[in-house]
Every structure is written in structure tokens, then in C-alpha cells.
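Enquirer: Test case, fold it:
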Amino acid sequence: MTYRRLHPWNVGIARAARIQRSLRGRLRLTPSRRGAPLSLIAGADVSYDRGSDVLYGAVVVLSYPDLAVVETAGSVGIARFPYVPGFLSFREIPILLRAFRKVRRRPDLILCDGQGIAHPRGFGLASHLGLVLGLPSIGCAKSRLVGDHDEPDRARGSRSPLVHEGRVVGTVLRSREGVAPLYVSPGHRMDVESAARVVLSCCRGVRIPEPTRRAHMEVNLLRRRRAPAVA
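Expert: Residues are numbered from 1 along each chain as shown. All right, here's what the predicted structure looks like:
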């Protein structure tokens, strides 16, 4: 897969914030292909050892709606950006792009373990990655970064709007009865309702949707194998 080089990655925090603010206006927050079939979903995740600057990235492409694994790709590299909440895309996307370069089948959608527009500057990892790759994307995080919400009911599929600065930026979604909810927000070429619907359809008996669950498994397998870092 190819991607667009929208900006340099080796920047400081102040410039990173300016990049986020400048690029968020290029997001499209409506589904790009209404009625078109969704046949391939990619899950993306990054892992690292505490105290290490070595990052491990994985992309797993699954068929949809049966969610069978079609293809996997991984990459290892050195982090060039510090761990700073709200700026994880600058730390993690470069290693994910290395993995996406190895993917032979272009997915219809990317599901990320991170935020979409539910972000202090409206431009989280899922939004950033979707814009760079030119693909629809969804952020599905296990914790909240911004916004307020009511607690959804305990039943699977229960949801509440996530509101930030007077705007609905995502959905607080109960993916399994009685478990902690997920924080789902559109990334790029996606809307709030469609993002929640897709994520729920990918949750098969566990809290985490299958694409990011599989990517998490794959990246931790790669990390345990201690693949050599690429400078």
C-alpha cells in the first residue's frame, strides 16, 4: 500500500499541534461510499516494552462480515517522538506505515486502538492515519481523552453520545453486557453513527472489536519474538 506524505514526522510538540490543527479541516466526517459493500477491515495496533524506545506495529486485514484473517503485516522501529497524550500519532504512525507498506490487499476501512475526532484538537491517531492513507477510519479507545457523557445501560449495544465543547464527537458504546464501555469516534470518511455500528458489528463476544483484538495479539507476538529494531 502507498500513502501520502503530508508533513515531516520528526517535529517538536508545538509544530505537531499546528499540524493537527491545520489537517483537521481536511477530514471528511461522512461515509464516502454510501451503500457500497464493506469487505475488508484492517485493525492496527502498536506495542512497546516499558522504558524502551523500540516500537512494534502490526496490521491485520480481516474479511467482513465474517472477520476471518486475510493478511497480517508487522514492523519494528525506533520511536522518534516522545510519549505525550494527544500526540500519539506522531509516535506511532511512522511504524504503522512501515507495516501498511507490506499489506497487499487495500482495506475498505481501518479500525485503530486510539481516538478519532474525540481529541483535544479534533485530530487523533485514527483521523491522522485515515487521512495519510486516504481510507475511512474509526478510532476505538478503551478510555476517554475528551468529552462528557452519560453512562450507557449495561446491555450490549447500549450507547451514549460523547460531547466535547457542545459537539457530539463520538459514542460511548457497551460492546458486551456488564463490561466497561468503549469510546468510539469517526476518524476520516466516517460519521458518528456509522462508526458505532461498525464497531459493534465487529465485537464477537468480547469487549474489544475483532480487528483491533487481532492486531493487538499480532503485535504482542512480534514483540515477544524480540525482532531487531530498524533504525
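Enquirer: ranges for the strands of this structure?
Expert: Per DSSP state E, the chain carries strands over the ranges 40-48, 54-63, 69-78, 109-112, 137-141, 159-164, 167-173, 182-188.
Enquirer: Tell me the helices and strands packed up against the second one.
Expert: Spelled out, that is strand 54-63. With contacts defined as 3 or more C-beta pairs under 8 Å, 6 or more residues apart in numbering; DSSP states H and E, the secondary structure elements packing on strand 54-63 are strand 40-48, strand 69-78, helix 88-101, helix 210-224. The way it works is simple: take the backbone N, C-alpha and C, and place the C-beta from them, glycine included.
Enquirer: Turn these into a markdown table, columns for distance to Pro181.
Expert: Conversion of the helices and strands packed on strand 54-63 to a markdown table gives the following (distance: least, C-beta to C-beta, whole Å):
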| stretch | distance to Pro181 |
| --- | --- |
| strand 40-48 | 19 |
| strand 69-78 | 26 |
| helix 88-101 | 21 |
| helix 210-224 | 15 |
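Enquirer: most tightly surrounded among those?
Expert: Neighbour counts (mean count of other C-beta atoms under 10 Å) averaged over each of the helices and strands packed on strand 54-63 peak at strand 40-48, with a mean of 25.
Enquirer: Report the inter-axis angle for that strand versus helix 210-224.
Expert: Taking axes from the mean of the first three to the mean of the last three C-alpha atoms, to 10 degrees, strand 40-48 and helix 210-224 form an angle of 40 degrees between their directions.
Enquirer: ok, Pro85 - how many residues close by?
Expert: Number of residues near Pro85 (other C-beta atoms under 10 Å) recorded here: 9.
Enquirer: whoops, I mixed them up, Val184
Expert: So Val184, with other C-beta under 10 Å, has 29 neighbours.
Enquirer: Any regions of this protein where pLDDT drops low?
Expert: Along the chain, segments meeting pLDDT under 70 span 32-36, 226-231.
Enquirer: quick one: the residue nearest the centre of it from Pro82, how far?
Expert: Centrality entry for the chain: nearest residue to the mean C-alpha point is Cys112, 1.7 Å, by C-alpha atoms, centre = their mean. In this structure, Cys112 and Pro82 are 20 Å apart, going by C-beta to C-beta, to the nearest Å.
Enquirer: Run through the residues that contact Phe123.
Expert: Gln20, Arg21, Leu23, Arg24, Leu27, Ser89, Ile117 (C-beta atoms under 8 Å, 6 or more residues apart in numbering).
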